[in-house]
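Student: Pasting a predicted model and its sequence here:
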Amino acid sequence: MQQKKHIGILFLSFSSNNTYFLLTDHVGRIQACTTAGRSKIKGVKKNLSISTFEIVTFLEQKAKNLNYSFLHVRIKGWGKNKKNIFKILKQSKLKFISVIDVTACPYNGCKIPRKRKL
């Protein structure tokens, strides 16, 4: 009997002060969530690689418990350490199918109407 491969989705959301990690199944039901602030690290230290390493190990354990063999990764936001977090994710035991950056990029918006000349 062949083992069924389970696929999950990992959402990474970067804000100016925090980083959010959300692990869902392929339908979108939330299985696990954590933030950089939840690991009792406050202030500027939340953006360091030490807190990120702790979070990635937590996600590895959750993915193993939920029997996820592969993950899709969706990244959103403008974070200072987006590249560092992705390097740590690549070093982990998690296997990725795809990595998508879904950050909304402004295009300078609508043109402001001219003022009426009298």
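Tutor: Received it, and whenever you're ready, just let me know what you need. Numbering: from 1, shown residues only.

Student: use CA for all of it now, contacts and neighbours both
Tutor: Fine.

Student: Mind listing what's buried along the longest helix along the chain?
Tutor: Counting by DSSP state H, the longest helix found in the chain is helix 49-65. For helix 49-65, burial by neighbour count (16 or more other C-alpha atoms under 10 Å) applies to Ser51, Thr52, Ile55, Val56, Thr57, Leu59, Glu60, Lys62, Ala63.

Student: got it, and stretch 93-101?
Tutor: Applying 16+ other C-alpha under 10 Å to stretch 93-101 flags Leu94, Phe96 as buried.

Student: can you give me how far it is from the chain middle?
Tutor: Once both centres are worked out by C-alpha atoms, centre = their mean, to the nearest Å, stretch 93-101 turns out to sit 11 Å from its chain's centre.

Student: now it: mean pLDDT?
Tutor: Taken as a whole, stretch 93-101 has a mean pLDDT of 89.

Student: where exactly do the strands run in the protein?
Tutor: Counting by DSSP state E, the chain has strands at residues 6-14, 19-25, 30-35, 68-76, 96-101.

Student: ok, Tyr20 to Lys62 distance?
Tutor: 15 Å (C-alpha to C-alpha, to the nearest Å).

Student: meant to ask about Ile9, not that
Tutor: Where Lys62 is concerned, Ile9 sits at a distance of 12 Å (C-alpha to C-alpha).

Student: before we move on, what about Asn18?
Tutor: With C-alpha to C-alpha as the criterion, Asn18 and Lys62 are 21 Å apart.

Student: Same check on Thr103?
Tutor: 26 Å.

Student: what ranges of the protein fall below the confidence cut-off?
Tutor: Residues of the chain meeting the criterion pLDDT under 70: 1-5, 39-41, 43-49.

Student: switch the cut-off to 80
Tutor: 1-5, 16-17, 36-52, 79-81, 106-109, 118 (pLDDT under 80).

Student: re earlier: put together JSON lines for the strands of the chain, with distance to Leu118 on each row.
Tutor: Converted to JSON lines, these look like this (distance: least, C-alpha to C-alpha, whole Å):
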{"stretch": "strand 6-14", "distance to Leu118": "48"}
{"stretch": "strand 19-25", "distance to Leu118": "52"}
{"stretch": "strand 30-35", "distance to Leu118": "56"}
{"stretch": "strand 68-76", "distance to Leu118": "47"}
{"stretch": "strand 96-101", "distance to Leu118": "48"}
